[in-house]
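> Predicted structure and sequence below. I'll ask about it afterward.
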Amino acid sequence: MSAEPFIVVLIGPGGAGKGTLARALVAGDHALWLSKSWTTRPVRATEDGSEYHFVDRETFERAIEDDAFLEWAEFHGNLYGTPRPRPPEGAEVLLEIEVQGAEQVVERARESVVFLIVAPSMQQLEERLRGRGDSDEHVTTRLASAPAEMARGQKIARYVIVNDDVQRASGEILSILEELRQQRRTPSIKD
């Protein structure tokens, strides 16, 4: 069994439900530790401020200079980044990040397990974006970039999960993770 913990990565377009799934996964599997990302975007009206470590651009750029991030990217004019993870002993790291950041994680940690999370339809994606209080301009921008994000994500994702029902989708991910853990415990014999 590898001494390195899993790094489990959730990617997908805004509105796919990555954050909701991440919370369900952590609640359903105590081996998972959710890394809290940084962002320069403002807190949404539907958020309480605990979703990210919200910082100004200057603070974020200083952290980049200090090499404080496992990954970071600029997306739709805002910076997003994952601090180098420091999970509790024995925990597996769960990242909920943008595709650009996931590409960096896969490059640095090749055994990462990437899940592309998609909404059942573009209409549902739009409804979710509007439901979380995004402006019309932001919804339009996010919907325009979603196909390219999904295409890029499919190149690095090992699994694609349709988030049509949080309980079903999180159960599917947890089942896959358990299979992967079993494989890590009993590695195959190579010829």
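Arrived safely, thanks for sending.
> All the helices of this protein, in order from the start?
Using DSSP state H, the helices of the chain run over 18-28, 57-65, 99-108, 122-131, 136-156, 166-185.
> Need those in CSV (columns: distance to R44).
The C-beta positions use only the backbone N, C-alpha and C, and glycine is treated the same way. Putting the helices of the chain into CSV (distance: least, Cβ to Cβ, whole Å) gives the following:
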stretch, distance to R44
helix 18-28, 11
helix 57-65, 18
helix 99-108, 20
helix 122-131, 11
helix 136-156, 10
helix 166-185, 19
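> burial of E71, as a residue count?
Close neighbours of E71, defined as other Cβ atoms under 10 Å, add up to 24.
> how about the closest residue to G12 other than its chain neighbours, what does it touch?
Nearest residue to G12 in three dimensions, chain neighbours excluded: I117, at 3.7 Å (Cβ to Cβ, 6 or more residues apart in numbering). Taking Cβ atoms under 8 Å, 6 or more residues apart in numbering, we find I117 in contact with 10-12, 16-18, 21, 161, 163, 169.
> where does I117 land on pLDDT?
pLDDT recorded at I117 is 98.
> how close does the most centrally placed residue in the chain get to A146?
By Cα atoms, centre = their mean, the chain has its centre lying nearest to E96, at 1.9 Å. When distance is defined by Cβ to Cβ, to the nearest Å, E96 is 17 Å away from A146.
> likewise D134?
On the measure of Cβ to Cβ, D134 and A146 end up 13 Å apart.
> which residues are common contacts for those two?
Between them, D134 and A146 share the contacting residues G14, judged by Cβ under 8 Å, 6+ apart.
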